[in-house]
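# Need a 3D model of the sequence below.
(2 chains)
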Amino acid sequence: MPNRRAFLAGLLASGMTAELSWADAGGPSHLTAAMRPDGTYVLVGVRPGGELAFTQPLPGRGHAAVAHPARPEAVAFARRPGTYALVIDCVSGRVLQHLSAPAGHHFYGHGAFSADGLRLFTTENHIASGQGRIGIWAREDGYARVGDMSSGGIGPHEMLRLPGQATLAVANGGLLTRPETGREKLNLGTMRPNLTLMREEGEIMAQAALPEALHHSSLRHIAGRADGSVACGFQWEGDPFDSPALVGLYRDGALHLLDSPPQATRRLNAYVGSVAGLPDGRIAVTSPRGGVVQVFDPTLGFLSQSPQADICGVAASGGAGLATDGLGGVHHVGERLTRIGQHDLAFDNHLVAI
Amino acid sequence: MKHLLWAALVAIPTTLAAGVSTVVTDHILPAHARFAAATQDLAAATEACDQTEMRAGYHAAFDAWMGVNHIQFGPIEAEGLSLAIAFWPDPKNQTEKALARLIAAEDPAVHDPAQFAEVSVAAQGLMALESLLYTEREETAYTCALTQAVAGHLARNATRLETAWRESHADLLTDPGPENDTYKSQAEAQRVLYTALSTGLEFLHDQRLGRPLGTFDRPRPKRAEARRSERSLRNITLSLQALQALAIALAGEDIPKSQMAFADTLARAGALDDPALQGVADPAARFRIEVLQQGVAAIQRAVAEEIGAALGVRAGFNALDGD
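Alright, predicted model coming up:
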């Protein structure tokens, strides 16, 4: 049995800060990556009122982050096809761990924690086979790599754990890319995106896809809703003027698109950049290419939209939503978009609720 | 480079501050008034269903639309009218299908403006009129009523836009501030106009020219905008002129590179004798259309340098980064 001294040393070495909670990190409600005016990159904590709670440097452009369910530590991912992720103590700013994708893998930029906070899951590409994998990392062993499992498809992008459950949801975008060809899409003719639900141990519980005719609609971003359904945001890889509706809902084993008038669909420029399930049951999606946030009712479909240049990050916050843009704006997403903060930062793709 | 652009974001030159009100009074308001008047004339021209009169009215209305087509924010966005006015690009021929459905069913919606507002937007605007006036089909009492319904609906939409701009949106755009829910600052008002300029140029380059050009191995002449009424090149010229007017009014100061690029590109368009851009499929003629497209690209660069940088508008951090 280890003595107290060794135990404490181990605790420090593993980066565990047992006494600290998110309140000690300035009370952030959300995390996002950003670029500073000088071109350097940071991870920032955002408070519900739009103020910054903390700012911690990143070595390169981030994409998304995931917050530990209890401890004030976050894992920030490089944008794909990156190979690094950093575990950051959001109180001290200290980098607790550098995670490197194992040889032959790269990250896709998203991840999730297990319900008990002991394991981190990361979406990855097994480069040789092109198959999507979910990397597994053990937090209590200093985020040691302990294995990986199938993502259930090609090109897994966003993954999350359903609220209050030990079920993981993975958006398999279906697009095959290779590091040597950058972001070039290598399988547009045969792509088959899907949503995969799996247990934390990797057992696939359900998979759902849009009808065959819509196989060019790449599922990239998802949001778990309180009732266990999953809001889905698609990116259309065909002619943008031929785009189908791009917001869907997975519920009771089936994935279907929400109604949207053609005018509203075109406004998205074939591209949904982030999805959020709002506490009142509605769904918010952003399109930085269309410069718009749209709000949907899960039954009625499209409700409203508000223009905002370069908007992308969106997440539930309090009774409504919070959104960030590449021009430094923080917005409240209610009936309409209301700017509540303005910072000298370019906020990156995703805003993540803690 | 990033440093420079961010510095520009903080300090907006006052010369550009004058631009917004000039754009509204000299460009947006008169162009919308012309569009409303031209569509009312068109509606009147359909009363007798005389094809010559209707075609003339259609061309005048389309000309006027090209003067406001790049103003895709404000009332047109709030009321969702853009596709109802011009449903293009239309890769699935939705306009033809929607018209065929109405005609086959002799849908009585054509006799009631409120009902006609609910039919497919693909059957509502200028592209529907083009099909009705330039596609071989049997002329019946129903197609006459349908043409009248489309023209009447278009005139009502144009009037809605003109009224909304004149009565409220012009004031919103020219009087930004913390009390203004739509435009919180002068910088925001300028940015929305600059976005209209850059998006209009992009649409010209990527869609009006890029769609028919396709690739060298696979040109797509049938994708030229309004090719049946042979307006493809005319739309490009009128769009260039409208964007040039917007650029000059917004800048409010000398923009020599942009001016030269606009003049050069307009000259290239003027020298082309190919109204429906069908030369895209002919290797010799295609070259001149590619050169025209390169001219638009040169305008895009000049405008970004002379107006965008001065406004501190950076290319989208998220919009240009796919994921």
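
# Please count neighbours and contacts with C-alpha atoms only from this point.
OK.

# Chain B contacts on the stretch 201-350 of chain A?
Residues of the stretch 201-350 of chain A lying near chain B by C-alpha under 8 Å from any C-alpha of the partner chain: A:220, A:239, A:241-242, A:263-264, A:273, A:287-291, A:309-312, A:325-326, A:346, A:348-349.

# remind me which residues of chain B are low pLDDT?
Along chain B, the model assigns pLDDT under 70 to residues B:1-18, B:314-315.

# just checking, what packs against the helix ranked longest in it?
With secondary structure taken from DSSP state H, chain B has its longest helix at helix B:141-164. Contacts defined by 3 or more C-alpha pairs under 8 Å, 6 or more residues apart in numbering or on different chains; DSSP states H and E place helix B:141-164 against helix B:29-45, helix B:75-78, helix B:82-85, helix B:113-116, helix B:126-134.

# Repeat the analysis, applying 10 Å as the threshold.
With contacts taken as 3 or more C-alpha pairs under 10 Å, 6 or more residues apart in numbering or on different chains; DSSP states H and E, helix B:141-164 sits against helix B:29-45, helix B:51-66, helix B:75-78, helix B:82-85, helix B:94-105, helix B:113-116, helix B:126-134.

# Near chain A, which residues of the stretch 201-323 of chain B? Just list them.
For the stretch 201-323 of chain B, the residues in contact with chain A (C-alpha under 10 Å from any C-alpha of the partner chain) are B:313-323.

# Considering the residues you listed, which possesses the most neighbours?
Using other C-alpha atoms under 10 Å in any protein chain shown as the neighbour criterion, B:Asn318 leads these with 26 neighbours.

# Name the SS class of that residue, please.
Reduced to three states with DSSP: H, G, I helix; E, B strand; the rest coil, the structure at B:Asn318 is coil.

# And the residue of chain B closest to chain A?
Relative to chain A, the nearest point of chain B is B:Ala319 (4.5 Å; C-alpha to the nearest C-alpha).

# mind listing what the closest residue in space to A:Asp242 that isn't next to it in sequence touches?
The shortest distance from A:Asp242 to any non-neighbouring residue, by C-alpha to C-alpha, 6 or more residues apart in numbering or on different chains, is to B:Pro91 (6.3 Å). Residues counted as contacts of B:Pro91 (C-alpha atoms under 10 Å, 6 or more residues apart in numbering or on different chains) are A:239-242, B:211, B:222-223.

# Is it possible to get a markdown table of the residues you listed that adds neighbour count, secondary structure and distance to B:Leu154?
Below are the contacts of B:Pro91 laid out as a markdown table (neighbours: other C-alpha atoms under 10 Å in any protein chain shown; DSSP: H, G, I helix; E, B strand; the rest coil; distance: C-alpha to C-alpha, whole Å):
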| residue | neighbour count | secondary structure | distance to B:Leu154 |
| --- | --- | --- | --- |
| A:Asp239 | 11 | coil | 27 |
| A:Pro240 | 17 | helix | 25 |
| A:Phe241 | 17 | helix | 22 |
| A:Asp242 | 17 | helix | 24 |
| B:Arg211 | 20 | helix | 26 |
| B:Lys222 | 17 | helix | 25 |
| B:Arg223 | 24 | helix | 23 |
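
# Which member of these is positioned nearest A:Leu52?
A:Pro240 (36.4 Å; C-alpha to C-alpha).

# what angle separates the longest helix of chain B from helix B:126-134?
150 degrees (axes from the mean of the first three to the mean of the last three C-alpha atoms, to 10 degrees).

# Just the buried residues of the residues of the stretch 201-350 of chain A next to chain B.
Buried by 16 or more other C-alpha atoms under 10 Å in any protein chain shown: A:220, A:241-242, A:263-264, A:273, A:287-291, A:309-312, A:325-326, A:346, A:348-349, out of these.

# related to what we said a few turns ago, out of the residues of the stretch 201-350 of chain A next to chain B, list just those in helices.
A:263-264.

# can you tell me how far B:Asp323 sits from A:Ile283?
Counting by C-alpha to C-alpha, to the nearest Å, the gap from B:Asp323 to A:Ile283 is 19 Å.

# low-confidence ranges in chain A?
Ranges of chain A meeting pLDDT under 70: A:1-19.

# which residues in it form helices?
In chain A, the helices defined using DSSP H lie at A:4-13, A:262-267.

# now swap in the stretch 201-323 of chain B and tell me
Along the stretch 201-323 of chain B, the stretches classed as helices by DSSP state H, counting those that start in this stretch are B:210-213, B:232-251, B:256-271, B:283-303, B:309-311.
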